[in-house]
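Q: Here is my input; please provide its structure:
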Amino acid sequence: MKNSMEIKFKAIPENEAFARNVVASFILPLNPSISELEDIKTAVNEAVTNVVVHAYPDKVGYVEMKIQTSGNVVEISISDNGIGIEDIERAITPFYTSKPDEERSGMGFTVMESFMDKFEVKNNKTGVTVYMNKMLEDAVVGMYANKRANI
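A: Numbers count the residues shown, from 1 in each chain. Okay, here's the model as predicted:
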């Protein structure tokens with residue numbers, strides 16, 4: 001069964017935990033493993049943190065998070081209307097950071113890519129969108145299909 005949701009919230013550090021909890025609550029009915037759940041929460045946290053740190057240098061903007069589930073696939077997009085990324089290829093290179101004075105590790109995109117099955121970063125007309133997909137191995141695909149409980 002397909003399900004989807006959209007949410008918009010301020011790009012402030014306090015909302016990083018909120019985003020993690022929203023995605024976890026939304027996908028919980030699919031019965032993800034603890035590992036799958038943690039992978040998704042970590043990737044979402046990194047994407048939202050990137051918006052908070054980089055997208056709006058002179059103001060507080062917004063994060064738009066969309067989640068869709070279809071069968072055993074979780075699709076997530078996290079967007080902003082900020083300043084964009086000048087060179088995406090460079091930005092997704094491990095250890096690259098545009099803010100070395102702030103003790104940033106430059107591993108956010110690498111973490112997202114390693115924890116998700118599909119990962120893509122695109123500049124929009126305004127801002128950036130990160131697209132991520134995760135396939136859940138034992139997802140509950142239908143109302144009565146619970147593979148783990150052998151129902």
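
Q: ok, and the closest non-adjacent residue to A91?
A: In space, and not counting its chain neighbours, A91 is closest to I85: 4.9 Å by Cβ to Cβ, 6 or more residues apart in numbering. All C-beta spots, glycine's among them, are computed from the backbone N, C-alpha and C.

Q: Return the per-residue confidence for the one you found.
A: With respect to pLDDT, I85 scores 84.

Q: And for E102?
A: On the pLDDT scale, E102 is placed at 63.

Q: now do the one 4 residues further on
A: As summarised for this prediction, G106 has a pLDDT of 59.

Q: re earlier: and the residue nearest to A91, how far from K118?
A: 19 Å (Cβ to Cβ, to the nearest Å).

Q: And the two? Which one has more around it.
A: A side-by-side neighbour count of I85 and K118, using other Cβ atoms under 10 Å, places I85 first with 20 against 12.

Q: The more buried one touches N124, doesn't it?
A: No. Counting by Cβ atoms under 8 Å, I85 sits too far from N124 to count as a contact (10.5 Å).

Q: Counting neighbours, what do you get for E120?
A: 15.

Q: list the helices and strands the strand or helix carrying it packs on?
A: Assessed by DSSP states H and E, E120 sits inside strand 118-123. Strand 118-123 sits against helix 88-91, helix 108-115, strand 128-135, with contacts defined as 3 or more Cβ pairs under 8 Å, 6 or more residues apart in numbering; DSSP states H and E.

Q: residue contacts, the most centrally placed residue in the chain?
A: Centroid-nearest residue in the chain: V44, 2.9 Å away (criterion: Cα atoms, centre = their mean). Contact analysis of V44 by Cβ atoms under 8 Å, 6 or more residues apart in numbering lists 19-20, 23, 65, 76, 78, 132.

Q: If we use 6 Å, what do you get?
A: For V44, the contact set (Cβ atoms under 6 Å, 6 or more residues apart in numbering) comprises 19-20, 23.

Q: do you know how far it is from V51?
A: The gap separating V44 from V51 is 11 Å, by Cβ to Cβ.
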